[in-house]
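Student: got a structure for you, letters missing:
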């Protein structure tokens, strides 16, 4: 127990452990976000997360819980709005993203009594995570991955073709709904560490890297997860070494990996000519 | 009661209402085990919509559907798989069922594409993809198989082979088949029950009886009808350009 205690005493180790946890959850969910073209949806949820954080401060709720509730409400609002108006999906997403962001920012103005780190909220502060945060990430993450495992077949088949999935008894409407909640969940878990602006990056970029170099869905999920973990580790070490903000450093490393992942595609293209 | 045990689906006066009009209406039909029912009709006559109703993808806005099928398999008319999804034939075969590679290869052999097992699905030709779609549906061993223009894009010889396969599957799996097809020759020679659709059921019956029906002749022309039987003109209704029925004839 002594050694483990010392390990968790170091803020950098805590950041690594938390970050790796987030990356492992983000891997498979990120693949689904890419396959279903939901990147802007992820953005909307994370923008609305800001409102969740503000509410958590106002009423001294748990931040993760509060962000999850707000993201889930926004996701359900979106589904409802889509049934009521003929506005395109991206317009509705923009409407929800910016109005929840604005409400969040307005509310922050009222919270003069509390010292508020807006930058920390937008970009996260992974170096400030404590043991409780880590516990939440791993317990929440385990729950998310477990649920995802059980609905995977249904979710995946609906991603390939909704009608086929529905006809062959996969109940895609149920798994779609659960997936939305899981997405809200991963945003809630990572807001403190990565920040509202960068979460979608951690979902998308590793999955995009993986797509470039994989030929089956399973491979893509595994590579996306690995790419996320590598980005977190390398990003954190870079930020420690050259003293940059940790969240953005992780995303920059991921971007570099993405550029490298283009090379095999390029070579394949050349060979086929 | 033996008859009833074989009943898979029964539609009673069903229809789908969408954007303030009826896409199809008054659809009543039955599908039984070991029988092939075909839907024929012009473009936009509601064939796919009717199929989706049977498959429970669309809800019927009137009437009653009874579905006793325990496992349905579907070959959709068209399917687009986005490039962002890396998918090989073998992954696609496992989409909605847990089957092993042996069963997958067996099914792909039936449609003649077992050599494509590990190919990227995005690189298949239209005909190859169609064969994979049919193999996937067969591999599920369904008791109700719905095929929406299953041989589109398949070469001429392949078309005949696939139709023969469909007929064989119907008896080996003892499954009911709903087929949407434009191939009147196959429809008339190999199916048990033909439903002629144009927003509603114009006429239905055995292939032998249907070719004598005036509604069929009006939809498909004298030429197609006379290949199988004598033409007896006997209108009971006619159609406007959008398929609506006018009973003034």
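Tutor: Nice, I can see it. This structure is a prediction, so every number in the text was calculated from the model and none was measured. Numbers count the residues shown, from 1 in each chain, chains lettered A, B, ... in the order given.
Student: quick check, residue A:43 in a helix?
Tutor: Yes. According to DSSP: H, G, I helix; E, B strand; the rest coil, residue A:43 belongs to a helix.
Student: what sits against the residue lying closest to it once chain neighbours are set aside?
Tutor: Spatial nearest neighbour of residue A:43, excluding adjacent residues (Cβ to Cβ, 6 or more residues apart in numbering or on different chains): residue A:200 at 5.0 Å. Any C-beta I mention is one placed from the backbone N, CA and C, and that applies to glycine too. Contact analysis of residue A:200 by Cβ atoms under 8 Å, 6 or more residues apart in numbering or on different chains lists A:33, A:39, A:42, A:43, A:46.
Student: next one: the last one, what pLDDT does it get?
Tutor: We note a pLDDT of 86 for residue A:46 in this prediction.
Student: so it: helix, strand or coil?
Tutor: helix.
Student: where exactly do the helices run in the chain?
Tutor: This is for chain A. With DSSP state H as the criterion, chain A has helices at A:2-9, A:11-35, A:39-58, A:63-84, A:89-110, A:118-123, A:131-160, A:162-167, A:172-194, A:199-213, A:217-242, A:246-272.
Student: actually chain B
Tutor: So, for chain B - with DSSP H - the helices run B:2-5, B:47-54, B:89-93, B:101-110, B:126-139, B:156-172, B:184-190, B:207-210, B:214-226.
Student: so which of these is the most surrounded?
Tutor: Mean neighbours per residue, mean count of other Cβ atoms under 10 Å in any protein chain shown, is largest over these for helix B:47-54, with a mean of 24.
Student: who does that one touch, helix- and strand-wise?
Tutor: strand B:7-18, strand B:21-32, strand B:36-40, strand B:62-67, strand B:144-148, strand B:176-180 (3 or more Cβ pairs under 8 Å, 6 or more residues apart in numbering or on different chains; DSSP states H and E).
Student: and of those strands, who's closest to residue A:98?
Tutor: strand B:7-18 (32.9 Å; Cβ to Cβ).
Student: for the spatially most central residue of chain B, list the residues it contacts.
Tutor: Per Cα atoms, centre = their mean, the C-alpha nearest to the average position across chain B is that of residue B:179, at 2.2 Å. Residue B:179 is in contact with B:36, B:37, B:38, B:39, B:147, B:150, B:166, B:187, B:191, counting by Cβ under 8 Å, 6+ apart.
Student: one more pass at 10 Å, please.
Tutor: Residues in contact with residue B:179 (Cβ atoms under 10 Å, 6 or more residues apart in numbering or on different chains) are B:36-40, B:47, B:51, B:75, B:145-151, B:163, B:166-167, B:170, B:186-187, B:190-191, B:194.
Student: go on, residue B:55?
Tutor: A:163-164, A:166-169, B:9, B:67, B:69, B:72-74, B:76, B:144, B:146, B:148, B:178.
Student: ok, the closest residue to it other than its chain neighbours - contacts?
Tutor: Leaving aside its sequence neighbours, residue B:55 sits nearest to residue A:167 (Cβ to Cβ, 6+ apart; 3.9 Å). For residue A:167, the contact set (Cβ under 10 Å, 6+ apart) comprises A:161, B:51-52, B:54-57, B:72-76, B:96, B:137, B:142, B:144, B:146.
Student: likewise for residue B:17?
Tutor: B:23, B:24, B:25, B:60, B:61, B:62.
Student: swap in residue B:166?
Tutor: Residue B:166 neighbours (Cβ under 10 Å, 6+ apart): B:36, B:75, B:134, B:138, B:145, B:147, B:150-151, B:177, B:179, B:181, B:186, B:190-191.
Student: and residue B:182, by the same measure?
Tutor: Contacts of residue B:182 (Cβ under 10 Å, 6+ apart): B:40, B:41, B:42, B:43, B:47, B:149, B:151, B:152, B:220.
Student: any residue of stretch A:18-28 up close to chain B?
Tutor: No. Using Cβ under 10 Å from any Cβ of the partner chain, stretch A:18-28 stays clear of chain B, with a minimum separation of 13.7 Å.
Student: pLDDT score for residue 86?
Tutor: Let's take chain A. At residue A:86, pLDDT is 81.
Student: hmm, no, I was thinking of chain B.
Tutor: Residue B:86 is given a pLDDT of 94.
Student: so it versus residue B:99, what's the distance?
Tutor: With the distance defined as Cβ to Cβ, to the nearest Å, residue B:86 ends up 20 Å from residue B:99.
Student: ok, these two, which is more surrounded?
Tutor: residue B:86 (23 against 16; other Cβ atoms under 10 Å in any protein chain shown).
Student: contact partners for the more buried one?
Tutor: A:31, A:35, A:210-220, B:120-122.
Student: repeat the analysis, applying 8 Å as the threshold.
Tutor: A:211, A:214, A:215, A:216, A:217, A:219, A:220, B:120.
Student: filter these down to the buried ones.
Tutor: Burial by neighbour count, 16 or more other Cβ atoms under 10 Å in any protein chain shown: within the contacts of residue B:86 this picks out A:211, A:214, A:217, A:219, A:220.
Student: who's in contact with the first one?
Tutor: Contacts for residue A:211 were tallied using Cβ under 8 Å, 6+ apart; they are A:34, A:220, B:84, B:86.
Student: got JSON lines for those residues, with distance to residue A:83 too?
Tutor: Below are those laid out as JSON lines (distance: Cβ to Cβ, whole Å):
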{"residue": "A:34", "distance to residue A:83": "25"}
{"residue": "A:220", "distance to residue A:83": "32"}
{"residue": "B:84", "distance to residue A:83": "27"}
{"residue": "B:86", "distance to residue A:83": "33"}
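Student: point out where chain B drops to low pLDDT.
Tutor: Along chain B, the parts satisfying pLDDT under 70 run over B:1-4, B:222-249.
Student: what does it have sitting close to chain A?
Tutor: B:52, B:55-57, B:71-74, B:76, B:79, B:81-82, B:84-88, B:91-92, B:95-97, B:120, B:140, B:146 (Cβ under 8 Å from any Cβ of the partner chain).
Student: and stretch B:47-62, how far out from the chain's middle?
Tutor: 12 Å (Cα atoms, centre = their mean, to the nearest Å).
Student: stretch A:35-48 too?
Tutor: On Cα atoms, centre = their mean, the centre of stretch A:35-48 falls 9 Å from the chain's centre.
Student: so what touches it?
Tutor: Contacts for stretch A:35-48 (Cβ under 8 Å, 6+ apart): A:32-33, A:70-71, A:74-75, A:78, A:90, A:93-94, A:96-98, A:100-101, A:104, A:159, A:183-184, A:187, A:191, A:196-197, A:199-200, A:203-204, B:82, B:84-85.
Student: and that stretch, which residues are buried?
Tutor: Buried, per 16+ other Cβ under 10 Å, within stretch A:35-48: A:35, A:36, A:38, A:39, A:41, A:42, A:43, A:44, A:45, A:46, A:47, A:48.
Student: for chain B, state which of those is nearest.
Tutor: Chain B lies nearest to residue A:35 out of those, by Cβ to the nearest Cβ, at 5.0 Å.
Student: tell me the pLDDT at that closest one?
Tutor: In this model, residue A:35 is scored at 94, pLDDT.
Student: now it: how far from residue A:199?
Tutor: Counting by Cβ to Cβ - residue A:35 and residue A:199 are separated by 18 Å.
Student: one more: residue A:138?
Tutor: 18 Å.
Student: more neighbours: which of those two?
Tutor: Higher neighbour count among residue A:138 and residue A:199: residue A:199, with 28 against 18, using other Cβ under 10 Å.
Student: report the separation between the closest residue to that one other than its chain neighbours and residue A:97.
Tutor: The shortest distance from residue A:199 to any non-neighbouring residue, by Cβ to Cβ, 6+ apart, is to residue A:46 (4.5 Å). Residue A:46 is 9 Å from residue A:97, where distance means Cβ to Cβ.
Student: now do residue A:129, the pLDDT please.
Tutor: 88.
Student: so for the nearest residue to it once chain neighbours are set aside, what pLDDT did the model give?
Tutor: Leaving aside its sequence neighbours, residue A:129 sits nearest to residue A:18 (Cβ to Cβ, 6+ apart; 4.6 Å). At residue A:18, the pLDDT value in this model is 94.
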